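Q: Predicted model, plus sequence, below.
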Amino acid sequence: MILALETSCDDTCAAVLRDDGTIASNVISSQGIHDRYGGVVPEVASRHHLELVNAVVGDALRQADTDLDGIDLVAVTQGPGLVGALLVGIVTAKAIAATRGLPLAPVDHLQGHVAANFVGPDPFEPPFVCLLASGGHTLLARVEEYDGFEVLGRTLDDAAGEAFDKGARMLGLPYPGGPALERLAADGDPEAFTFPTAKNVAGLDSSFSGLKTSLLYAIRDLGEEETARRAADLAASYQSAIVRALVDRCERALDQTGLDRLTLGGGVAANGPLRAAAERLGANLHVPDRALCTDNAAMIASAARFVAPVAHPGYLQLDAYASGERALA
Ligand code: ATP
Ligand code: FE
């Protein structure tokens with residue numbers, strides 16, 4: 001079995017995956033304290049990871065009904081993410097592996113989001129197009145293999161999740177904004193306001209900064225009282241613009257690659273209207289369970305099945321990386 005740790009942002013996660021790719025446990029401890037700052041404070045996140053990580057690993061082993069004797073491989077997110085936060089997971093993974101004489105598999109976080117699709121008992125097999133839409137990234141990828149992907153397009157500015165978070169903040173909603181904005185939008189009319197979907201951005205790239213500015217202007221023009229009264233309509237229209245932009249890029253990617261298999265990954269893939277709109281594209285669609293879309297360690301363990309494990313003492317050199325798309329085909 002694989003024990004995986006994921007601490008790239010503000011969730012402290014550990015999971016145990018069986019060798020057939022099914023989940024034995026998937027523990028996620030969300031640090032509720034970042035809400036008061038309207039976003040994740042890196043140093044606060046690191047300190048909380050330190051406090052939580054041992055208990056979360058203990059819970060993951062217990063819920064999997066095993067202990068370290070049952071573990072054959074330790075996996076950990078190496079990057080991209082907040083370096084201080086990543087280091088807590090990496091140091092913990094190294095310590096567990098070293099004391100138990102186990103190999104260690106360093107995993108790329110984005111490859112983890114893609115590998116959420118490989119979790120059993122019903123894995124989705126390549127080749128497919130993957131829309132990876134998260135808090136820090138918006139990529140369209142061609143996935144031909146289990147251990148990498150080719151980037152076909154990316155956002156030119158904000159990530160889709162960032163657009164959700166920033167829009168939510170403008171509407172006075174708590175962090176993380178995506179789920180809160182989705183809930184508010186459920187009572188609104190998606191056609192009440194017209195927001196731009198960056199149709200003019202060519203190819204498979206996307207852009208969300210213009211949309212964000214449009215919401216800002218709409219709120220300014222409406223004034224405080226009217227904004228409050230029409231908050232659900234604003235949220236629904238704003239969400240609809242993000243969803244339309246993303247689904248449009250998926251459609252273009254399917255056309256361009258000639259593939260007819262599509263997956264969604266990353267936190268934004270938890271969004272109900274996005275999932276519904278992607279379904280209407282007519283491709284063979286696979287979307288991981290919501291809990292596997294937002295950050296979790298089961299997806300890291302899933303990716304680790306296809307990473308060459310590093311033996312002791314080689315992995316003691318492993319360092320975190322903050323950005324970039326490493327380990328890509
Ligand atoms: P990255 O994976 O790029 O490093 P991250 O790990 O911080 O970034 P994820 O945890 O994959 O990002 O996704 C978090 C993002 O997903 C946040 O921006 C959040 O608002 C968004 N999100 C989560 N649930 C929903 C939802 N239901 N609707 C829309 N957005 C959502
Ligand atoms: Fe993520």
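A: In hand now; what should we look at? Residues are numbered from 1 along each chain as shown. Ligands and ions are numbered 1, 2, ... in the order given.
Q: Return the residues in contact with the residue positioned nearest the centre of the chain.
A: Closest residue to the average C-alpha location of the chain: G266 at 2.8 Å, with Cα atoms, centre = their mean. Contacts for G266 (Cβ atoms under 8 Å, 6 or more residues apart in numbering) come out as 113, 132-135, 137, 161, 293. C-beta coordinates here come from the backbone N, C-alpha and C atoms, glycine included.
Q: among those, which are within reach of ligand 1?
A: 113, 134-135, 137, 161 (Cβ under 6 Å from any ligand atom).
Q: can you give me phi and psi for the nearest residue to A168 once chain neighbours are set aside?
A: Closest residue to A168 apart from its sequence neighbours, by Cβ to Cβ, 6 or more residues apart in numbering: G177 at 2.5 Å. Torsion angles at G177 (phi, psi; degrees, to the nearest 10) stand at phi -70, psi -30.
Q: which residues does the residue nearest to L102 when sequence neighbours are not counted bridge with?
A: The spatial neighbour of L102 that comes closest, neighbours along the chain excluded (Cβ to Cβ, 6+ apart), is V74 at 5.3 Å. Per DSSP bridges, the residues bridged to V74 are L3, L104.
Q: which residues does V74 contact?
A: V74 is in contact with 2-5, 93, 96-97, 100, 102-105, counting by Cβ under 8 Å, 6+ apart.
Q: what do you get for G267?
A: 133-135, 161, 176, 178, 293-295.
Q: gap between the residue nearest to L102 and L211?
A: Remark: distance between V74 and L211 (Cβ to Cβ, to the nearest Å) = 41 Å.
Q: do E144 as well
A: Using Cβ to Cβ, we find E144 at a distance of 32 Å from L211.
Q: ok, those two, which is more surrounded?
A: Neighbour count, other Cβ atoms under 10 Å: between E144 and L211, L211 has more, with 23 against 14.
Q: Mind giving me the packing neighbours of the helix or strand containing that one?
A: Counting by DSSP states H and E, the element that carries L211 is helix 209-229. Under the contact criterion of 3 or more Cβ pairs under 8 Å, 6 or more residues apart in numbering; DSSP states H and E, helix 209-229 touches helix 160-170, helix 231-257.
Q: can I get these in a markdown table with mean pLDDT and mean neighbour count?
A: Listed next are these as a markdown table, based on pLDDT from 0 to 100; neighbours: other Cβ atoms under 10 Å:
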| stretch | mean pLDDT | mean neighbour count |
| --- | --- | --- |
| helix 160-170 | 96 | 24 |
| helix 231-257 | 98 | 22 |
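Q: Could you point out which of those sits nearest C9?
A: Closest to C9 of the helices and strands packed on helix 209-229 is helix 160-170 (Cβ to Cβ; 10.7 Å).
Q: Residues touching the closest one, excluding its own?
A: Contacts of helix 160-170 (Cβ under 8 Å, 6+ apart): 38-39, 133-136, 138, 158, 174-178, 180-181, 206, 208, 211-212, 215-216, 219, 235, 238-239, 242, 245-246, 266-268, 271.
Q: related to what we said a few turns ago, hmm, which two among the contacts of G266 are most spread apart?
A: For the contacts of G266, the farthest-apart pair by Cβ to Cβ is H137 and C293; their separation is 13.1 Å.
Q: Residue numbers of the stretch 151-300 of the chain in contact with ligand 2?
A: Contact residues (Cβ under 5 Å from the ion) of the stretch 151-300 of the chain with ligand 2: D295.
Q: and the one residue in the stretch 151-300 of the chain that gets nearest to ligand 2, how far is that from ligand 1?
A: Closest approach between the stretch 151-300 of the chain and ligand 2, counting by Cβ to the ion: D295, at 4.5 Å. D295 sits 4 Å away from ligand 1, going by Cβ to the nearest ligand atom, to the nearest Å.
Q: Right, I'll call it a day here.
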